[in-house]
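Trainee: generate coordinates for the sequence data below:
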Amino acid sequence: MCGRFIITDSAPDLAAMFDIEHEAGELPEPSWNVKPTEQIPIVLESMKSDPVVRRLEPARWSLVPTFSPELTAAFATFNARAESVAEKPTFRTALAKTRAIVPVTGYYEWHTEGTTKTPYFVYSDDGLPLALAGLYSWWRNPTLGPDDPARWVLTATVLTTAAQGALSDIHDRMPVVLPEECWDRWLDPHADGDQALVDAAVEASTEAAAGLAFYQVAPVSGDAPELIDPLGPEREVGYSV
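Mentor: Below you'll find the model as predicted:
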């Protein structure tokens, strides 16, 4: 799973990395402890213009489908399982046309033994942000009028898959990490968003996962750079095929 992450890269750096054409004016501040339902930056391609425009926008981390009567859900939607995302009513409409990349500097994962949970920080060994496969959806607040700027809420989720290599010793799930050659097709709203596209992204993520590293950190609380100070040696993820 991916339930906490950090994003410390600046908006201009993300814009350069992902060839952004439009950068929103109110992007979230850097954070070392991003939680579900908080604001996160996402990369998307909007079909509101022709040709499409690649945008960097703030979104609420927990996808709310358009048909939901309220912003909260009965179950967690900050992650979506890649194996079944095309079958789930909550996610399949977003998969079809509104896919996103969620850039993160790294993420936390917890290894559980009995009642003890040990946190680890996972990141790319090249120092670059990770491009996580995501979905987005615009939720309309039915209690607000059509002229209220708060009427539309952009929401997003992160796809997860089976953990690769040494990461599977910590947890059985990990986010789908997209290599650069997959970015354009994943974001393209004209591409068929189906299970085949997801499966191809998961297969490609195996290569990206090989470039991950991780180490143990102290219990994750608050929000400060010290949260990612290592408590143990760095380990490379590696992968198996």
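
Trainee: my guess is residue 186 contacts residue 202. True?
Mentor: No. If you go by CB atoms under 8 Å, residue 186 and residue 202 don't touch, sitting 11.3 Å apart. C-beta coordinates here come from the backbone N, C-alpha and C atoms, glycine included.

Trainee: more crowded one of these two?
Mentor: Using other CB atoms under 10 Å as the criterion, residue 186 and residue 202 rank with residue 186 on top: 24 against 19.

Trainee: apart from its chain neighbours, what residue comes closest to that one?
Mentor: Among residues not flanking residue 186 along the chain, residue 99 sits closest, at 5.5 Å (CB to CB, 6 or more residues apart in numbering).

Trainee: burial count for the one you found?
Mentor: Neighbour count of residue 99, defined by other CB under 10 Å: 25.

Trainee: I'd say it and residue 183 touch.
Mentor: No. At 10.4 Å, residue 99 does not count as touching residue 183 under the criterion of CB under 8 Å.

Trainee: what's the mean pLDDT across stretch 213-223?
Mentor: What stretch 213-223 shows for mean pLDDT is 96.

Trainee: what about that stretch, distance to the chain center?
Mentor: 18 Å (CA atoms, centre = their mean, to the nearest Å).

Trainee: need phi/psi at residue 11.
Mentor: phi -60, psi -40 (degrees, to the nearest 10).

Trainee: count of neighbours near the closest residue to it other than its chain neighbours?
Mentor: What sits nearest to residue 11 in space, not counting adjacent residues and going by CB to CB, 6+ apart, is residue 27, at 5.0 Å. Number of residues near residue 27 (other CB under 10 Å) recorded here: 19.

Trainee: you'd agree residue 27 is in a strand?
Mentor: No. Using DSSP: H, G, I helix; E, B strand; the rest coil, the assignment for residue 27 is coil, not a strand.

Trainee: read off the pLDDT value for it.
Mentor: Predicted confidence (pLDDT) for residue 27: 94.

Trainee: point out where this protein drops to low pLDDT.
Mentor: 1, 49, 238-241 (pLDDT under 70).

Trainee: quick one: contacts for the residue nearest to residue 186?
Mentor: Contacts for residue 99 were tallied using CB atoms under 8 Å, 6 or more residues apart in numbering; they are 44, 133, 134, 135, 136, 186, 187, 189, 193.

Trainee: partners of it in the sheet?
Mentor: Per DSSP bridges, residues listed as beta-bridge partners of residue 99: residue 135.

Trainee: what's the distance between it and residue 128?
Mentor: Separation of residue 99 from residue 128 (CB to CB, to the nearest Å): 21 Å.

Trainee: where is the longest helix in the protein?
Mentor: The residue-count maximum for a helix in the chain (DSSP state H) belongs to helix 195-209.

Trainee: still on that earlier bit, now, which of the contacts of residue 99 sits nearest residue 14?
Mentor: Using CB to CB, residue 44 comes nearest to residue 14 of those, at 12.6 Å.
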